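> got a predicted structure plus its sequence, pasted below:
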Amino acid sequence: MKVEGRRVPLSEINVTPFVDVMLVLLIIFMVAAPLLEQGIQVTLPKAATGKQIEAGSGIVITLTREHLIYLNNNVVSLKELRRKLSGVASSQPVMIRADNSAYVSRLVQLWDLCRDVGLREIHIATITE
């Protein structure tokens, strides 16, 4: 900008590009956040008498229809699961999310493993009818 033949620094800040970038980032995070929360896809069984429990910082064991076992979103074998759960406090809550088409014998095997390593607060995730 010139005033009477000399240059004067522009003292205004143009925030329009900054606002545009922030709005785009906001939209990206709004779309991506629910996708990150989903975890492993399982079809939970229905239960008429199930009760709501508070989701917390407990351990989540997932049994898929392919009979894969996940411990907090990481695939593990039964031996690894036993080793990882053996160091956990007995008061730590455990949520078992088993797919509706998974074998009951496999679910019972997971339940027994949890009880065998000393865990006492074990829940099975269901959906209400």
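Received, thanks.
> so where is the protein shaky, pLDDT-wise?
Scanning the chain for pLDDT under 70 picks out 1-5, 34-39, 55-57.
> strands along that one, start to end?
With strands called from DSSP state E, the chain shows them at 2-3, 6-7, 46-47, 59-63, 69-71, 74-76, 94-98, 122-124, 127-128.
> so which bits of the lengthiest helix in the chain are buried?
When the chain is parsed with DSSP state H, its longest helix is helix 16-37. For helix 16-37, the buried set under the neighbour-count rule, 16 or more other Cβ atoms under 10 Å, is empty. All C-beta spots, glycine's among them, are computed from the backbone N, C-alpha and C.
> can you check stretch 62-73 too?
62, 63, 64, 69, 70.
> which outside residues touch it?
39-43, 59-61, 75-78, 80-81, 84-85, 96-103, 106-107, 110 (Cβ atoms under 8 Å, 6 or more residues apart in numbering).
> what is the burial count for the nearest residue to residue 90 once chain neighbours are set aside?
Distance criterion Cβ to Cβ, 6 or more residues apart in numbering; nearest residue to residue 90, sequence neighbours excluded, is residue 118 at 4.5 Å. As a burial measure, residue 118 scores 13 neighbours (other Cβ atoms under 10 Å).
> use 677 as the first number from now on
Fine by me, first position is 677 from now on; the one you just mentioned is residue 794.
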